[in-house]
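Q: below: sequence and its predicted model.
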Amino acid sequence: MQLNNYLRIVRASAWYDLIVTIGFVTPWSFALVHQSLSQLNSSLGIAGEFPAFAAAHVLMANLLGSIVTIWAILRLRDTRIEYGHYDAVGRILFSMWQLYAVAHGASQIILVFTVFEIAFGIAQLLPVRTPAITD
């Protein structure tokens, strides 16, 4: 894959992360995201659940939202091959834990996000052709 195309994928994955996780940054925005996902899950009759969250659960969601939002902004401001590779590894881990959660009763809505995690992970693991440096 050409370098410019690869960096576009890294930026696209950063935009995706920013859009999907910014709502997890504060307890108030997370409450809205959680309520919306719970309602969607119920209205579609999808298997699995989005249980009520205690304060410690909300803290973990906020930590996730905060670090992923910062990571997304870094990749948008300073897009690098190395960041794409690190991001791919993170996406493999996220995918594994999402699949684990669904297998243990979490809502199957999570699988929509898993598809994006796997797709961006694979795309960011593809070999990149960097331009030759000439003197």
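A: Cool, the structure landed. The shown structure was predicted, so the numbers you read here are calculated from the model rather than taken from an experiment.
Q: if I look at Ile22, how far off is Arg129?
A: From Ile22 across to Arg129, the span is 33 Å (Cβ to Cβ, to the nearest Å). C-beta here means a position set from N, CA and C on the backbone, and glycine is covered the same way.
Q: who has more neighbours out of these two?
A: Using other Cβ atoms under 10 Å, the more surrounded residue of Ile22 and Arg129 is Ile22, with 17 against 10.
Q: from Tyr6, how far off is the more buried one?
A: Distance from Ile22 to Tyr6, by Cβ to Cβ: 25 Å.
Q: for Ser66, same thing?
A: For Ser66, the distance to Tyr6 equals 27 Å [Cβ to Cβ].
Q: which one of those two is surrounded by more residues?
A: Tyr6 (20 against 15).
Q: now the more buried one. Nearest residue, chain neighbours left out?
A: The shortest distance from Tyr6 to any non-neighbouring residue, by Cβ to Cβ, 6 or more residues apart in numbering, is to Val128 (4.5 Å).
Q: how far away is the one you found from Ser95?
A: 21 Å.
Q: swap in Leu7?
A: Taking Cβ to Cβ, one finds Leu7 at 22 Å from Ser95.
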